[in-house]
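> Provide a 3D model corresponding to the input given below.
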Amino acid sequence: MSAAADAAPPSVTGSVDETSVCELLSESQQEDIGSAKATPDAADGYVSCYYSMTLDDDPDPSGYEVTVFDSAKALRETADGTDVMPTKALPLRLDGRGAAEQITYGDQWSGAVTVDLGSGRYLYVEKYAKGHTVSEKELSQQARGTAKKALDSLLAR
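Predicted coordinates:
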């Protein structure tokens, strides 16, 4: 393998905050994923946008979460350990970047992709839906596709 193939991609330096995180997906991309509403959130060490596909009072919410973490510590501190049946993370590469995907099951199913942005930062994208309404393959494809769109947006900043 050549040195160029082993070289890590450059760090993503594009920044986002609570006012811009929901702009990681354009309006047309939000329409493509079926988002009815985009809601920003922020806490110490990360900013998130929740792209809801269902109404606020729906007992079976579905949608996407897109989060940029400032550090591995911030990423680890959000794990709550409540997933009913998490699978082991599957390592993968997304646009040449180290990443991992995890599918979880229970009343809610989710497909999540975490991408190494470099410089200790991470992009986390999760597609969630009521259990058995979306296949594992669809969750994976939707999470990966949305992660790619958010990564492209960060790279363009």
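
> tally of neighbours for Ala42?
16 (other CB atoms under 10 Å). C-beta coordinates here come from the backbone N, C-alpha and C atoms, glycine included.

> Could you grab the helix/strand/coil label for it?
At Ala42 the chain is in strand, as set by DSSP: H, G, I helix; E, B strand; the rest coil.

> pLDDT below threshold where in this protein?
1-7, 79-88 (pLDDT under 70).

> Spatially central residue for it, please.
In the chain, the residue lying closest to the centroid (CA atoms, centre = their mean) is Val125, at 0.6 Å.

> Not including adjacent chain positions, what is the nearest residue to it?
Ala147 (4.0 Å; CB to CB, 6 or more residues apart in numbering).

> and that neighbour, what is it in contact with?
Leu94, Ala99, Val113, Val115, Leu123, Val125 (CB atoms under 8 Å, 6 or more residues apart in numbering).

> mind listing the strands for this protein?
Using DSSP state E, the strands of the chain run over residues 37-43, 46-52, 63-69, 85-86, 90-94, 97-105, 108-118, 121-130.

> strand partners of the second one, parallel vs antiparallel please.
According to DSSP bridges, strand 46-52 forms sheet pairs with strand 37-43 (antiparallel), strand 63-69 (antiparallel).

> Next: the fifth one.
Based on DSSP bridges, the pairing partners of strand 90-94 within the sheet are strand 97-105 (antiparallel).

> Thanks a lot, see you next time.
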